[in-house]
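In: starting from these lines, generate the structure:
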Amino acid sequence: MAQYSPDAFSLPQRILHWLMFLLIGFNLIFSDGMEHWNRLVRRGEPVTPEDVSAANIHAYVGIAILCLAVLRLLLRLTQGAPAAPPQEPALFRLAAKLAHGAFYLLFFAMPLSGIAAYYFGVSQAGFLHGGPLKALFWALIAAHVAAVAVHQFYWKTAVLSRMTKGV
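Out: Numbering: from 1, shown residues only. Below is the predicted model of the structure:
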């Protein structure tokens, strides 16, 4: 099946990208409430309503990310994505494909592992969620930002404007 390759991302794709950026950033940075709840439960200590509320915020944001990831994947499959700029070397194109694939896997693996840990008590899922998957997410975000900077300032491509202005 040939994949459609537009010149830029559509408005819904851009909105989903930035909304997920905000929600994922929120959950990565403000995970203290969930971590505190988890410590209390592991130790058998009493959990207050405030502890549950803080953990629920993290969980609900994660569920929202999962729902948005489904929409984002559907849009990507139906609307396609812009082709890599010709200035981008083949090795970097391959790295970009692998990184985007890893992002999409994490868009699903992080919320699902969090759900398994929080709602079903699967401790191994919680370890993966708060350990290796979280670290991989941070590493991919750093690589993504660095790649955008290389495109913008070294190769002088329109990669950033395709995701901000849609041109």
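
In: show residues contacting stretch 137-152.
Out: Residues from elsewhere that reach stretch 137-152 (Cβ atoms under 8 Å, 6 or more residues apart in numbering): 24, 28, 85, 88, 92, 95-96, 99, 102-103, 106, 110, 157, 159-160. In this view, the C-beta of every residue, glycine as well, is placed from N, C-alpha and C.

In: which helix or strand in this structure has the lowest average pLDDT?
Out: Lowest by mean pLDDT, DSSP states H and E among the helices and strands of the chain is helix 159-164, with a mean of 94.

In: nearest residue to residue 46 in space, please, no chain neighbours.
Out: residue 40 (7.2 Å; Cβ to Cβ, 6 or more residues apart in numbering).

In: just list the residues touching the spatially most central residue of the chain, thanks.
Out: When Cα atoms, centre = their mean is applied to the chain, the residue found nearest the centroid is residue 107 (4.7 Å). Residues in contact with residue 107 (Cβ under 8 Å, 6+ apart) are 20, 65, 66, 69, 72, 73.

In: from the residues you listed, which would you call buried?
Out: Using 16 or more other Cβ atoms under 10 Å as the burial test, the contacts of residue 107 include 20, 65, 66, 69, 72 as buried.
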